[in-house]
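Novice: this is a predicted model, with the sequence first.
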Amino acid sequence: DAGVTQSPTHLIKTRGQQVTLRCSPKSGHDTVSWYQQALGQGPQFIFQYYEEEERQRGNFPDRFSGHQFPNYSSELNVNALLLGDSALYLCASSWGQANTEAFFGQGTRLTVV
Amino acid sequence: GENVEQHPSTLSVQEGDSAVIKCTYSDSASNYFPWYKQELGKRPQLIIDIRSNVGEKKDQRIAVTLNKTAKHFSLHITETQPEDSAVYFCAANEAGGSYIPTFGRGTSLIVHP
């Protein structure tokens, strides 16, 4: 079991560009949540996908969008990047039918210059 | 929505001492309280959790207590070791099926040998 895998591990982008981050959930999990973790802060919830639909969304602008595929993998897209978008982006997977723990991936470190 | 406060932000102890990290939450509907350990450059990993129908839970050197009336919960680490050094996050999750915990800002624990 590979656990939760994210790609890429590191990424450098220029302001105004667009970025796509990818996540494969742990085997048996059908729910994917995305978090933004700024340096020295706790993870902040962006949104959660279940059954290919965005189920809940945190306090993030529409520049942040996502998608979930039939195999439960997910993408996070960020448009019109700002310097403040620089952070560690974490994906967490869980089983959507129960209030159980989520397993985190290693994250993608995004730097916007 | 839920708001989780965590204290202290930094905790420095000598090897063998105990460490206590405290969190408060605002939403009385929250019923699941996980604690995560995040080592530098690594993913957050669940170390212990407690549900609202339990007041205390222990796992070897780690214990968590929950006071629902006061809406606070604490992590206790006894006989600390240098490998316990990491950032610890508390979180609170509302009942209802979706696992979307709200995280505290983290406590950087430093254990001096």
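Specialist: The structure has been received and is ready for your questions.

Novice: what segments of the chain are strands?
Specialist: Assuming you mean chain A. Across chain A, reading from the start of the chain, the strands by DSSP state E fall at A:5-7, A:10-13, A:19-24, A:31-37, A:44-50, A:53-57, A:64-68, A:74-78, A:87-94, A:103-104, A:108-112.

Novice: my bad, chain B
Specialist: Using DSSP E, the strands found in chain B span residues B:4-7, B:10-14, B:19-25, B:30-38, B:45-51, B:56-59, B:62-67, B:72-77, B:86-94, B:102-103, B:107-112.

Novice: now the ones you listed as TSV including mean neighbour count and mean pLDDT?
Specialist: For glycine as for every other residue, the C-beta is placed from the backbone atoms N, C-alpha and C. Rendered in TSV, the data for these read as follows (neighbours: other CB atoms under 10 Å in any protein chain shown; pLDDT from 0 to 100):
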stretch	mean neighbour count	mean pLDDT
strand B:4-7	17	96
strand B:10-14	13	97
strand B:19-25	20	98
strand B:30-38	22	93
strand B:45-51	17	92
strand B:56-59	12	94
strand B:62-67	18	97
strand B:72-77	21	97
strand B:86-94	24	92
strand B:102-103	22	90
strand B:107-112	17	96
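
Novice: in TSV, list the ones you listed along with distance to residue A:105.
Specialist: As requested, those are exported to TSV (distance: least, CB to CB, whole Å):
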stretch	distance to residue A:105
strand B:4-7	22
strand B:10-14	27
strand B:19-25	24
strand B:30-38	13
strand B:45-51	11
strand B:56-59	24
strand B:62-67	24
strand B:72-77	24
strand B:86-94	16
strand B:102-103	16
strand B:107-112	22
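
Novice: got CSV for the strands of chain A, with mean pLDDT too?
Specialist: As requested, the strands of chain A are arranged in CSV below (pLDDT from 0 to 100):
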stretch, mean pLDDT
strand A:5-7, 96
strand A:10-13, 97
strand A:19-24, 98
strand A:31-37, 94
strand A:44-50, 92
strand A:53-57, 90
strand A:64-68, 97
strand A:74-78, 98
strand A:87-94, 94
strand A:103-104, 90
strand A:108-112, 97
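
Novice: nearest to residue B:64, out of those?
Specialist: When these are ranked by proximity to residue B:64, the top entry is strand A:103-104, at 19.2 Å, counting by CB to CB.

Novice: just checking: what are the partner strands of that closest one?
Specialist: Take DSSP bridges as the rule and strand A:103-104 pairs in its sheet with strand A:87-94 (antiparallel).

Novice: please tell me how far residue B:79 sits from residue B:111.
Specialist: As for residue B:79, its distance to residue B:111 is 10 Å (criterion: CB to CB, to the nearest Å).
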